[in-house]
Each structure stands twice: as structure tokens, then as C-alpha cells.
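A.B. asks: show me how the following folds:
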Amino acid sequence: MTPRPPGTPQPDGLPAVELRRFAEGDSVEALTGLLHLAYADHAAAGRVFFASYQSVQDTANRLAEGECWLALSGGALLGTVTVAARHAAPEGYPAPAGAGSFWQLAVHPSQRGAGLGHRLLALAERRIAALGADRVAIDTSAGAAELVGWYLRHGYTPVGTWQWEVTNYQSVVLLKELPPTG
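C.D. replies: Numbering: from 1, shown residues only. From the prediction side, this is the model:
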């Protein structure tokens with residue numbers, strides 16, 4: 001098989017993207033910039049996701065809480081997600097103890113609609129299952145109907161609401177059962 005240049009579409013029509021763990025030498029500044037860019041539309045719509053304004057130090061702190069994965073093509077950072085299994089949720093958070101979670105799922109605006117978000121979501125779910133959790137609990141703005149609908153179409157079910165101190169909106173908490181691994 002002849003190798004494709006970075007960014008060349010694969011037979012399924014999706015761009016050639018390398019998915020790998022964040023590593024020493026990767027730029028927290030670039031990752032923060034991607035998060036700001038990816039969440040800018042939400043902020044413009046009045047939903048101030050933490051990722052739309054977090055500092056470089058906030059990004060580093062959030063990376064330390066789980067496994068950060070990057071989507072790259074030709075060296076360009078196109079997407080990211082951070083995952084953890086048996087993620088510690090705050091007291092009262094309406095999700096089962098021991099569920100895995102992911103956060104900072106972001107896709108560069110130039111890649112929207114190309115399937116990269118689906119690939120990052122599938123990666124997050126696989127990693128959470130591999131890390132030993134049988135469920136994923138996440139949350140997003142209840143006012144982001146398109147985003148909530150996207151998660152519902154991927155098998156997530158609303159289980160409650162939550163208000164974070166760092167956002168200006170009520171979150172809907174979503175849960176998904178993961179298939180057994182092995």
C-alpha cells in the first residue's frame with residue numbers, strides 16, 4: 001500500500017489523521033488555542049464553556065486529570081479529547097460513582113462535518129472502557145440543543161442537571177453504558 005501524504009483523504013473520505021497521546025514537547029499553548037477556537041461559536045451564542053476562555057495553566061491542570069489525546073494531520077492540531085475512567089465527580093453530581101468521563105472534546109472549525117468529532121468520541125469511549133469503566137458520564141450546556149442532540153444520537157441519555165461555577169449555563173448530565181471489553 002502506498003502511504004498517503006498528511007491530510008490526504010482516506011478511502012472513507014475522511015482526512016488522514018493521526019490520533020495519539022499528548023506527549024512531552026507538545027504545546028499546551030497550541031492546545032489552549034485550539035480549545036478557544038473550537039468553543040468560540042458557543043461563547044458567541046452566549047454559552048461560555050470553560051474551554052472557550054481557560055488559561056494555559058487551566059489547560060495543563062485539566063490535562064493532568066486524565067489522558068489527553070490529539071488529532072493531527074501533517075503536524076497540524078485538528079482536535080483533542082481528554083479521558084479518565086472512574087473520574088472523580090463533585091458531591092451531588094447526578095451520575096453514578098465510578099463512571100468514566102471525557103472533557104475538552106474539540107475539533108478545529110475547518111474540520112467540522114468531516115467525522116473527526118465522531119472519531120474522537122469513539123476513541124474516548126474505547127479508552128474509558130479499556131481503563132475499566134462500564135459507563136461514561138459527561139455534561140454540556142442544556143442550551144446547546146445541537147450538541148445535546150449529537151450526544152443523544154450517539155447513545156447518551158440525560159440523567160440530571162448540574163451548574164458549574166466556571167460556566168454561565170445549566171448543564172445537562174448525560175450517561176452512556178459501554179459495551180464490555182475483551
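
A.B. asks: centre-most residue in this protein?
C.D. replies: residue 105 (1.8 Å; CA atoms, centre = their mean).

A.B. asks: the chain: strands as residue ranges?
C.D. replies: 18-21, 67-73, 76-84, 101-107, 135-141, 157-163, 170-177 (DSSP state E).

A.B. asks: that older thread, got a list of what the residue nearest to the centre of the chain touches?
C.D. replies: 79, 80, 81, 117, 120, 121, 124 (CB atoms under 8 Å, 6 or more residues apart in numbering). The C-beta positions use only the backbone N, C-alpha and C, and glycine is treated the same way.

A.B. asks: the first one: how many residues sit nearby?
C.D. replies: Neighbour count for residue 79, taken as other CB atoms under 10 Å: 24.

A.B. asks: repeat that for the fourth one.
C.D. replies: Taking other CB under 10 Å as the neighbour definition, residue 117 ends up with a count of 21.

A.B. asks: residues contacting it?
C.D. replies: 79, 105, 107, 150.

A.B. asks: coming back round to it: ok, the contacts of residue 105 vs residue 164, which is closest?
C.D. replies: residue 81 (18.4 Å; CB to CB).

A.B. asks: who is that closest one paired with across the strands?
C.D. replies: residue 69 (DSSP bridges).

A.B. asks: how far away is the closest residue to residue 41 other than its chain neighbours from residue 75?
C.D. replies: What sits nearest to residue 41 in space, not counting adjacent residues and going by CB to CB, 6 or more residues apart in numbering, is residue 109, at 7.6 Å. Applying CB to CB, to the nearest Å, the value for residue 109 to residue 75 is 18 Å.

A.B. asks: with neighbour numbers in mind, choose between the two.
C.D. replies: Ranked by neighbour count (other CB under 10 Å), residue 109 and residue 75 place residue 109 first, with 12 against 8.

A.B. asks: quick one: contacts for the more buried one?
C.D. replies: Counting by CB under 8 Å, 6+ apart, residue 109 touches 37, 38, 40, 41.

A.B. asks: tell me how far it lies from residue 116.
C.D. replies: 11 Å.

A.B. asks: could you do residue 21 as well?
C.D. replies: Counting by CB to CB, the gap from residue 21 to residue 116 is 17 Å.
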